[in-house]
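Colleague: sequence first, then the predicted structure:
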Amino acid sequence: MTTAIETYAPSEFEALVKSLGQPRFRAKQLFQWIYGKGATSYDEMSNLPAAMRAQLAEEAPLHIPEVVDKRVSKDGSRKYLLKLADGNLIETVGIPSRDDNASGDPRRLSVCFSTQVGCSMACAFCATGTEGFTRNLLPGEMAQQLLAVSRDFGMRITNAVAMGQGEPFLNYDNVIAALKILNHPDGLAIGARHITVSTCGIVKGIRAFGVEPEQYTLALSLHSANQSTRDELMPRCASTPLPKLKDALKDYYEHAGRRISLEYLLIEGKNDDSAHIHALIDYCKGLHVHVNLLPMNDVEGSPFKATSKSTLNQWMRELEDAHIRVSIRDSRGSDIDGACGQLKNRLG
């Protein structure tokens, strides 16, 4: 039976090569070729026997996503529309750091990758929410997004964020397998603390993520600490009351010992008034968190608008006065349909 190589987690490569009648060490070679060297064909894998390569092509085909559209921002970020083997489209963003090394190249390259085709969460402010859910991505389909960006930039990926299309914790097992590929020394070799997963608040996933042995980081898309406002903005999260979510965040910190990022998209007239900032300050009590305030990218057809710069700065000051760690995220790619789902929807 044919099973795409993208299906396999790192721990499953040995069983695959064994099923082909090959010795165990071939598993490491195969894994290195695909995820360490970014091979785009089995033909490139020169230290594997020709018979093994032929078997792999037949029984475990390697699919490389096709870049069907690319937008380059004036700030250096690049957004890609990738076509998968089954014809589905996903989005990926490459974000070079603004600071350069001695050679004039960016010191870091971050990738925001998708974990699902579409998304079932239907968040009101998100362009992806308008298209619905199609399917989960395989571990290799997530890793190949980073390899596509690495090839295009001609440099290695230093940071990865599962903050593209999809809710990662509704595809938990495949996402964890993908993170292991990204972190593996024979794979993309990205440090675990430089790999972040962003969730809308799937409690079961948050608790499971807290006991994973690797030092991955967690981001929560909060966007309001007022229950009615959050339910309006994130209707599929309404079944999880904010106190229950807070308990899960406490459990996560107790087990993982790692500070959590709270993502807060400031929307004019919706969640940016004094009542909402006081609700956020109160919610942060007892939590080990860092608040990321997010300027909103305009989404065509959306009724929401970005809050003013003065309001953004006011929130920054009030959170600092409350002794809460806070930063304003550097908004990138607004001129290239940078928000999740924008490019795909525009071209679809």
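Modeller: Thanks, I have it. Numbers count the residues shown, from 1 in each chain.

Colleague: how close does Glu44 get to Pro96?
Modeller: 27 Å (C-beta to C-beta, to the nearest Å). Every residue, glycine included, has its C-beta placed from N, CA and C.

Colleague: the more surrounded of those two?
Modeller: Using other C-beta atoms under 10 Å, the more surrounded residue of Glu44 and Pro96 is Pro96, with 20 against 14.

Colleague: leaving out sequence neighbours, find the closest residue to that one.
Modeller: Spatial nearest neighbour of Pro96, excluding adjacent residues (C-beta to C-beta, 6 or more residues apart in numbering): Pro106 at 3.6 Å.

Colleague: where's that neighbour relative to Gln314, distance?
Modeller: For Pro106 relative to Gln314 (C-beta to C-beta), the value is 32 Å.

Colleague: what ranges do the strands span in the stretch 51-200 of the chain?
Modeller: Per DSSP state E, counting those that start in this stretch, the stretch 51-200 of the chain carries strands over the ranges 66-72, 78-83, 89-96, 109-112, 116-118, 133-136, 159-162, 195-199.

Colleague: for the last one, which strands pair with it and how are they oriented?
Modeller: In the sheet containing strand 195-199, the strands it pairs with under DSSP bridges are strand 159-162 (parallel), strand 217-221 (parallel).

Colleague: just the fifth one next, same as before
Modeller: Within its sheet, strand 116-118 is paired with strand 133-136 (antiparallel), according to DSSP bridges.

Colleague: residue ranges in the stretch 201-348 of the chain under the pLDDT threshold?
Modeller: 333-334, 336-348 (pLDDT under 70).

Colleague: can you list the residue ranges for strands in it?
Modeller: Counting by DSSP E, counting those that start in this stretch, the strands of the stretch 201-348 of the chain are 217-221, 260-265, 289-294, 325-328.

Colleague: can you add mean neighbour count and distance to Ser239 and give those strands back as a markdown table?
Modeller: A markdown table is the format used below for the strands of the stretch 201-348 of the chain (neighbours: other C-beta atoms under 10 Å; distance: least, C-beta to C-beta, whole Å):
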| stretch | mean neighbour count | distance to Ser239 |
| --- | --- | --- |
| strand 217-221 | 21 | 16 |
| strand 260-265 | 22 | 20 |
| strand 289-294 | 20 | 23 |
| strand 325-328 | 16 | 29 |
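
Colleague: the strands paired with strand 195-199: which one's closest to Asp186?
Modeller: Closest approach to Asp186 among these is made by strand 159-162 (16.4 Å; C-beta to C-beta).

Colleague: now Lys28: how far from Leu182?
Modeller: Counting by C-beta to C-beta, the gap from Lys28 to Leu182 is 17 Å.

Colleague: compare neighbour counts for these two and give me the winner.
Modeller: Between Lys28 and Leu182, Leu182 has the larger neighbour count (other C-beta under 10 Å), namely 25 against 15.

Colleague: look up how far Asn159 lies from the more buried one.
Modeller: Where Asn159 is concerned, Leu182 sits at a distance of 10 Å (C-beta to C-beta).

Colleague: quick check: neighbours shared by these two?
Modeller: Taking C-beta atoms under 8 Å, 6 or more residues apart in numbering as the contact rule, Leu182 and Asn159 both touch Ile190, Ile195.

Colleague: give the contact list for Ile5.
Modeller: By C-beta under 8 Å, 6+ apart, the neighbours of Ile5 are Leu16, Ile34, Leu56, Ala60, Pro61, Leu62, His63, Gly140.

Colleague: ok so, going back, now the strands paired with strand 195-199 in JSON lines, with distance to Leu89?
Modeller: What follows is those, written out as JSON lines (distance: least, C-beta to C-beta, whole Å):
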{"stretch": "strand 159-162", "distance to Leu89": "18"}
{"stretch": "strand 217-221", "distance to Leu89": "23"}
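
Colleague: give me the buried entries from the contacts of Ile5.
Modeller: In these, burial by neighbour count holds for Leu16, Ile34, Leu56, Ala60, Leu62, His63, Gly140, counting by 16 or more other C-beta atoms under 10 Å.

Colleague: what's the farthest-apart pair in those?
Modeller: Across the buried ones among the contacts of Ile5 (C-beta to C-beta), the longest gap, 15.6 Å, separates Leu16 and His63.

Colleague: the strands paired with strand 195-199: which one's closest to Ile90?
Modeller: Per C-beta to C-beta, nearest to Ile90 of the strands paired with strand 195-199: strand 159-162, 12.3 Å.

Colleague: how far is stretch 199-213 from where the chain is centred?
Modeller: 15 Å (C-alpha atoms, centre = their mean, to the nearest Å).

Colleague: re earlier: the residue nearest to Pro96 touches Arg78, doesn't it?
Modeller: No. Look at Pro106 against Arg78 with C-beta atoms under 8 Å: they stay out of range, at 11.7 Å.

Colleague: who has more neighbours, those two?
Modeller: Ranked by neighbour count (other C-beta under 10 Å), Pro106 and Arg78 place Arg78 first, with 20 against 17.

Colleague: what's near enough to touch the residue nearest to the spatial centre of the chain?
Modeller: The chain has Ala162 as the residue nearest its centroid, 1.1 Å off, counting by C-alpha atoms, centre = their mean. By C-beta under 8 Å, 6+ apart, Ala162 lies in contact with Phe113, Thr115, Met142, Pro168, Val175, Leu179, Thr196, Val197, Ser198.

Colleague: now render those residues as CSV, adding pLDDT.
Modeller: Shown next, in CSV, are the contacts of Ala162 (pLDDT from 0 to 100):
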residue, pLDDT
Phe113, 98
Thr115, 98
Met142, 98
Pro168, 98
Val175, 98
Leu179, 98
Thr196, 98
Val197, 98
Ser198, 98
